[in-house]
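**Q** structure, please.
(2 chains)
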Protein chains: 2
Amino acid sequence: MRAPYLLFLGDAALVGMDKMAAGIARWRARDCLAQYRLPGCAFDTGLPDMTPAEAAAAGAGTMVIGVVNVGGVIPDAWVAKIVAALEAGLDVAAGMHQRLADMPAIAEAARRCGRTIHDVRQPTRRFATGTGAKRSGKRLLTVGTDCAVGKKYTALAIEAELRARQVDADFRATGQTGLLIAGRGVVIDAVIADFISGAAEWLSPAAAADHWDVIEGQGSLAHPAYAAVTLGLIHGSQPDALVICHEPGRETLLGLDYPVPSLNALAEMALNAAHLTNPAARAVGISINSSAVPEDALDALVAGIEAETGLPCCDPIRQGVGKIVDLLLAPAA
Amino acid sequence: MRAPYLLFLGDAALVGMDKMAAGIARWRARDCLAQYRLPGCAFDTGLPDMTPAEAAAAGAGTMVIGVVNVGGVIPDAWVAKIVAALEAGLDVAAGMHQRLADMPAIAEAARRCGRTIHDVRQPTRRFATGTGAKRSGKRLLTVGTDCAVGKKYTALAIEAELRARQVDADFRATGQTGLLIAGRGVVIDAVIADFISGAAEWLSPAAAADHWDVIEGQGSLAHPAYAAVTLGLIHGSQPDALVICHEPGRETLLGLDYPVPSLNALAEMALNAAHLTNPAARAVGISINSSAVPEDALDALVAGIEAETGLPCCDPIRQGVGKIVDLLLAPAA
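**A** The predicted structure is shown next:
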């Protein structure tokens, strides 16, 4: 994909819809030039605002659709904006189930303008069904009490912390944003159902005994829409370590009238699931998104979660993930 | 699809590979004319053996690929046989992940001969993501300790028993064989991962309060390759009743070095999963495949399972499913 990027935020306004743009702006900052927002947009990546024409003039190579919406369908209102970006000379990348290349107006504009469309959610290879066979190397997987609670951010922060401590580690992307950040991976929710765990096995292949794959989690075992993807990812990843991601104060699942499970309930579900393919799996920490928590309440919140769960807890943005990595690397008792 | 059918068994020899042909021969017997076996085939549906040319001369309309193999890929050796069937004037139907229509030799032969290819595993519509919203009507789902333990057969037998008792009931197919038997349904393992539970919600829509959907289960929660599909099907089906299917004596999962779980362990896993979207879900019976058990040992086996699980147990082929339906329809205590 041609850098630098113009991040398209559209008119996104619902909680979590900006997570793709926010993730790329944070973890691939060197390749981000500007953002493109439509009236009604409630988000701000902190990048300068530009139209596609302005961004192209400033050297942008690709407009990245940085908005996630349920079902992954591209609204009609965005089509004209995407066509305008192609006409301005930009390539366009998207991570939705609906392929840009399948939308006649967009496909025609790309052909006419000689531009490239990247539908990064589409698997580019076939997978086998899972085998459950044990692989060498070590694996950490982030799991969540809900969607959009920081599973990708936590995995990237743990990869960075491990590397800072001279531990050989690789982030393994399982979502469209992670894939755009890492430049490789598999968008696990776009795989054919029969091959979820097989794709997860492919994603973190056998490795050196002391190498850590840090795998981005997806969905939640407590989520009636996405638990299947989560379970297949757990089984195929064979994690040695789980980090549970959570947003304190969120009471219902994003967009649904279902309760967010307790941390201990989710930990039990995730460990039960993980033990099928790795009986040694253990939880090594709680990663929280505490953005709604005032500074003077953070320590008490963290202490409360640590007392509740018996695990180290931290906000990766405000506090780093050092405590979790300490436990991860501690010699077995 | 043009009836009657010639059921292609190829050179299948591994346990369970014949389940598609066997299911169609049993539950859609009126449309089955003959079977076509290659040297090495270990199965027999009981239908007369014919070549495609003989079957076409006898009035067959469609050759159905009646063999399941891991990964759903069509072996090269079968391609010539499929081409020969098309040249003999038969349509061809298959339920594998790999589409017949994508194989150049087969697609070319179909075009040349003016015949139709049915790739029944491919979803013919888009699905939404699951919502977890409660639907009216009642639902029974079969679950299993492994693959190929009788989940489809049990569901069809329960539909038949309910209808015999004047209860309004519909079998809901979730696999390629079930779909060929019922003429409708969704092959749930071929759906994009993000939409598994949404497809299951679509499959058994809101219905009259006393109507039963009897949903064919898939895979097993204890299976490292297929548990994800099973979980999404459970969540989307919102079952009121679960029937657990099992083959006594099978110690490891088909094709894998993993143990078959105990009936009580599987029941606990399945009920825990089902309670997310239907807190009232309960287990109502154990359905066994006792084909390897001698007649004089069957009563003791059944009694032992009933003592172990506290649930009615029966072999649907040898004993019918009356005991399970008795409990299903019994007034709440």
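
**Q** how about the residue of the stretch 51-200 of chain A found nearest chain B, phi and psi?
**A** Nearest residue of the stretch 51-200 of chain A to chain B: residue A:132, at 3.2 Å (CB to the nearest CB). (Glycine included, C-beta is placed from N, CA and C.) Dihedral angles of residue A:132 (phi, psi; degrees, to the nearest 10) stand at phi 70, psi 0.

**Q** what does residue A:94 give?
**A** Per degrees, to the nearest 10, the backbone of residue A:94 is at phi -140, psi 160.

**Q** contact partners for it?
**A** A:64-65, A:74, A:100, A:117-121 (CB atoms under 8 Å, 6 or more residues apart in numbering or on different chains).

**Q** follow-up on the earlier one: the residue of the stretch 51-200 of chain A closest to chain B contacts residue B:255, doesn't it?
**A** No: with contact defined as CB atoms under 8 Å, residue A:132 does not count as touching residue B:255 (10.2 Å).

**Q** could you look up the SS state of residue A:101?
**A** helix (DSSP: H, G, I helix; E, B strand; the rest coil).

**Q** for it, what are its contacts?
**A** Residue A:101 neighbours (CB under 8 Å, 6+ apart): A:107, A:110, A:117, A:119.

**Q** so what's it closest to, chain neighbours aside?
**A** Among residues not flanking residue A:101 along the chain, residue A:117 sits closest, at 5.1 Å (CB to CB, 6 or more residues apart in numbering or on different chains).

**Q** per the record, what domains does chain A have?
**A** Chain A breaks down into these domains under automatic domain parsing: A:5-119, A:138-329.

**Q** lowest average pLDDT across the ones you listed?
**A** By mean pLDDT, the lowest-scoring of those turns out to be domain A:5-119, with a mean of 92.

**Q** could you pull out the helices for the stretch 1-150 of chain A?
**A** A:19-27, A:52-57, A:76-87, A:104-113 (DSSP state H, counting those that start in this stretch).

**Q** tell me the most buried of these?
**A** helix A:19-27 (a mean of 22; mean count of other CB atoms under 10 Å in any protein chain shown).

**Q** the residue nearest to residue A:101 pairs with what?
**A** In this entry, residue A:117 is beta-bridged to residue A:92, by DSSP bridges.

**Q** so what's residue A:11 up against?
**A** A:37-41, A:77.

**Q** get me the contact residues on the stretch 201-333 of chain A for chain B.
**A** Residues of the stretch 201-333 of chain A lying close to chain B (CB under 8 Å from any CB of the partner chain) are A:222, A:224-229, A:231-233, A:235-236, A:256-258, A:269, A:272, A:276-277.

**Q** which of these are buried?
**A** A:222, A:224-229, A:231-233, A:235-236, A:256, A:258, A:269, A:276-277 (16 or more other CB atoms under 10 Å in any protein chain shown).

**Q** just the ones of the residues you listed in helices?
**A** Using DSSP state H, the subset of those located in helices is A:227-229, A:231-233, A:235-236, A:269.

**Q** and the contacts of residue A:11, which are buried?
**A** Buried members of the contacts of residue A:11, scored by 16+ other CB under 10 Å, are A:37, A:41.

**Q** distance to residue B:313 for the contacts of residue A:11 - can I get that in a markdown table?
**A** Shown next, in a markdown table, are the contacts of residue A:11 (distance: CB to CB, whole Å):
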| residue | distance to residue B:313 |
| --- | --- |
| A:37 | 62 |
| A:38 | 61 |
| A:39 | 64 |
| A:40 | 59 |
| A:41 | 59 |
| A:77 | 58 |
